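Let's see this in three dimensions:
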Amino acid sequence: MKVFINPGHAPGGNPDPGACNVYTGLRECDVAAEVGRLTAHYLNAVGIETEILQSDSLYEVCRKANASEADLFISIHCNSAANSAANGTETWYCHGSKNGANLAKYINGQILWIFDTADRGIKEARPGVNGLYVLTNTNMPAVLVELAFISNSEDLVLLTERQEDFARAIARGVTDYMGGM
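Numbering: from 1, shown residues only. The predicted model follows:
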């Protein structure tokens, strides 16, 4: 089993750090990079091979993921909203992918099991409608995990202080998925 991990946005934040907390300056690219690194660590510890790529080029991410012969693709992000009350976790998969939907269910479930955060659900990306590029342009079951809202003060604490727990939850979601196949 091999998992391709894509921490969202540009490494080091240049040119695109993703969402940023306006009060603390916490950047999505930094949270995603650390959670991605830790997720790889936990997956490697149980014998699952990983490859990680953080890039501002979604085309490059998809090209390398498809060339990697990975069995699964996981993109890691933080959500943000103008309404600072918006909070919680959601996980996206590509329309028509039963395996992607199952992977999303397992990962989302593990995050919710660990954290007391709102369940924003499993969401389906539809090409041409809301088709998140990395989900609709990869050849393997793929998910995009929105860990929590970087714009929400309570979620911000989780994103700042519990990155390792997010990584463990994602890794457990992968092993749960493998056990359910």
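
Please name the residues that touch residue 3.
40, 43, 48, 49, 50, 51, 70, 71, 72, 73, 74, 174 (Cβ atoms under 8 Å, 6 or more residues apart in numbering). C-betas here are computed from N, CA, C, even on glycine.

Residue 111 is in contact with residue 146, isn't it?
No - here residue 111 lies out of contact with residue 146, judged by Cβ atoms under 8 Å, at a distance of 9.8 Å.

Which one of the two is surrounded by more residues?
A direct count of neighbours by other Cβ atoms under 10 Å for residue 111 and residue 146 places residue 111 higher, at 27 against 24.

re earlier: okay, and the common contacts of residue 111 and residue 146?
In contact with both residue 111 and residue 146: 89, 91, using Cβ under 8 Å, 6+ apart.

separation between residue 34 and residue 28?
11 Å (Cβ to Cβ, to the nearest Å).

So between those two, which is more surrounded?
residue 28 (26 against 17).

What is the burial count for the closest residue to that one other than its chain neighbours?
Leaving out its chain neighbours, the residue that sits closest to residue 28 by Cβ to Cβ, 6 or more residues apart in numbering is residue 18, at 3.1 Å. Number of residues near residue 18 (other Cβ under 10 Å) recorded here: 20.

Looks like residue 18 contacts residue 26 (just checking).
No - counting by Cβ under 8 Å, residue 26 is not a contact partner of residue 18; they are 10.5 Å apart.

This protein: helices as residue ranges?
Counting by DSSP state H, the chain has helices at residues 28-45, 58-67, 98-114, 133-136, 153-161, 163-180.

got a markdown table for these, with mean pLDDT too?
As requested, the helices of the chain are arranged in a markdown table below (pLDDT from 0 to 100):
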| stretch | mean pLDDT |
| --- | --- |
| helix 28-45 | 98 |
| helix 58-67 | 98 |
| helix 98-114 | 98 |
| helix 133-136 | 96 |
| helix 153-161 | 97 |
| helix 163-180 | 97 |
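
Can I get the ones you listed in CSV including distance to residue 82?
CSV is the format used below for the helices of the chain (distance: least, Cβ to Cβ, whole Å):
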stretch, distance to residue 82
helix 28-45, 16
helix 58-67, 24
helix 98-114, 24
helix 133-136, 23
helix 153-161, 15
helix 163-180, 24
